[in-house]
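Q: Would you be able to build a 3D model of this:
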Amino acid sequence: MTDQTRIAYDTVAESYDELLRDELDANPWDRAMLDAFAGLVGTAGPVGDLGCGPGRLTGHLAALGLDVFGVDLSPGMIAVARRTHPDLRFEVGSLGALDLGDGSLAGALAWYSLIHTPPEQLPDVAAELARVLAPGGRLLTAFQVGDEHRHITHAYGHDVSVDAYRLRPDSVTKLLTDAGLVLEAQLVRQPRPPLERVPQAYLLARKPD
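A: Numbers count the residues shown, from 1 in each chain. Reported below is the predicted structural model:
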């Protein structure tokens with residue numbers, strides 16, 4: 001699964017960046033959740049954009065004043081991110097085995113970066129996200145709502161082969177609470193065609209002091 005996902009995102013990296021680079025400008029819901037996350041984290045410490053892709057949200061969070069860096073499974077995505085945001089730090093890495101110390105982050109963003117993880121592996125990923133958060137640290141995650149498993153063969157103008165999973169907010173909430181986090185906020189909104197076909201969810205959770 002990891003190799004499949006890496007290859008797919010290496011393939012689409014340039015096209016993905018071109019298509020979505022300015023998408024945040026037209027999405028007030030995304031901006032509102034990211035702004036709330038940034039306001040809660042503030043200057044408490046470093047923030048990891050985990051599954052950062054080409055770094056578009058890493059750059060946005062940096063502009064909001066956060067000490068943020070990006071991690072992504074795809075070297076192709078990281079190459080685009082480094083080129084686009086040369087003043088920020090980006091590293092290749094996996095959500096299932098982050099090269100970060102226990103309690104090292106004041107905030108973690110997992111923005112549509114859980115969707116390629118098989119459901120049976122999600123508890124380990126949630127535990128890893130909780131591990132790297134400092135007490136009082138926040139996690140913001142976003143994902144497509146549903147319970148379908150899809151095999152994607154074409155994306156962003158390229159032939160690919162990658163599995164994706166839609167997720168239920170209550171199921172993700174349970175994953176996070178089982179990992180020791182406390183849910184602070186949940187938002188589910190309707191899709192925005194043509195890019196979205198199903199509702200989208202955002203969950204904000206906190207690691208207890």
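Q: what's the average pLDDT for the top strand by length along the chain?
A: In the chain, taking DSSP state E as the definition, the longest strand is strand 133-144. Here strand 133-144 scores 98 as its mean pLDDT.
Q: In terms of secondary structure, what does that strand contact?
A: helix 28-41, strand 105-111, helix 169-178, strand 200-206 (3 or more C-beta pairs under 8 Å, 6 or more residues apart in numbering; DSSP states H and E). Where C-beta positions appear, they are placed from N, C-alpha and C, glycine not excepted.
Q: can you tell which of those is closest to Leu73?
A: Closest approach to Leu73 among these is made by strand 105-111 (12.4 Å; C-beta to C-beta).
Q: ok, and what's touching that closest one?
A: Outside strand 105-111, the residues within contact range by C-beta atoms under 8 Å, 6 or more residues apart in numbering are 34, 37, 40-41, 44-52, 57, 61, 66, 95, 129, 132-134, 136-142.
Q: Could you do stretch 83-92 as well?
A: Residues from elsewhere that reach stretch 83-92 (C-beta under 8 Å, 6+ apart): 17, 52, 54-56, 58-59, 62, 68-75, 78, 81-82, 99.
Q: Could you list the buried residues of that stretch?
A: Residues of stretch 83-92 classed as buried: Thr84, His85, Leu88, Phe90, Glu91 (neighbour count, 16 or more other C-beta atoms under 10 Å).
Q: Report the buried members of the contacts of stretch 83-92.
A: Applying 16+ other C-beta under 10 Å to the contacts of stretch 83-92 flags 17, 52, 54-56, 58-59, 62, 68-74, 78, 81-82 as buried.
Q: Show me where the chain dips below the pLDDT cut-off.
A: For the chain, the stretches with pLDDT under 70 are 1.
Q: Please consider this matter closed, and thank you.
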